[in-house]
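**Q** Prediction below, plus the sequence it came from.
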Amino acid sequence: MAIELPDELVQLQREANMARMQATTREYSAEGWKPWLDAVDEVHAAVSAYAQEHGLSRHEVEKAVKVAARSGEEPPPAT
């Protein structure tokens with residue numbers, strides 16, 4: 001059974017990925033990494049809410065979101 005993800009979850013993960021790239025290309029500072037950490041918190045909250053609402057494993061939803069955000073393809077079927 002494949003997990004059907006809303007585009008919003010995938011987009012949130014892509015934004016978190018971009019924030020990470022921006023944060024890690026500079027010298028470390030708490031304020032420089034804050035956008036990335038905030039984005040990660042937002043992704044985790046959204047993934048948790050989606051998983052709970054649909055009776056799915058949070059871990060499986062998170063994995064599918066990360067794969068979809070990286071590849072732009074459909075996430076792999078849940079196991």
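**A** Arrived safely, thanks for sending.

**Q** What about Gly55, how many residues nearby?
**A** The tally of other residues near Gly55 (other C-beta atoms under 10 Å) stands at 6. The C-beta positions use only the backbone N, C-alpha and C, and glycine is treated the same way.

**Q** Also Ala23?
**A** 17.

**Q** Next one: Glu27 from Asp7, what distance?
**A** Shown here: Glu27 relative to Asp7, a distance of 34 Å by C-beta to C-beta, to the nearest Å.

**Q** Need the contact partners of stretch 15-26.
**A** By C-beta atoms under 8 Å, 6 or more residues apart in numbering, the surrounding residues in contact with stretch 15-26 are 32-33, 35-36, 38-40, 42-43, 69-70.

**Q** 6 Å instead?
**A** Residues from elsewhere that reach stretch 15-26, judged by C-beta atoms under 6 Å, 6 or more residues apart in numbering: 32-33, 35-36, 39-40, 43.

**Q** May I see the residues you listed arranged in CSV, with pLDDT and secondary structure as well?
**A** Formatted as CSV, the entries for those read as follows, by pLDDT from 0 to 100; DSSP: H, G, I helix; E, B strand; the rest coil:
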residue, pLDDT, secondary structure
Gly32, 92, helix
Trp33, 94, helix
Pro35, 95, helix
Trp36, 95, helix
Ala39, 97, helix
Val40, 97, helix
Val43, 98, helix
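
**Q** Count the neighbours of the nearest residue to Glu42 once chain neighbours are set aside for me.
**A** Leaving out its chain neighbours, the residue that sits closest to Glu42 by C-beta to C-beta, 6 or more residues apart in numbering is Leu12, at 6.0 Å. By other C-beta under 10 Å, 21 other residues sit near Leu12.
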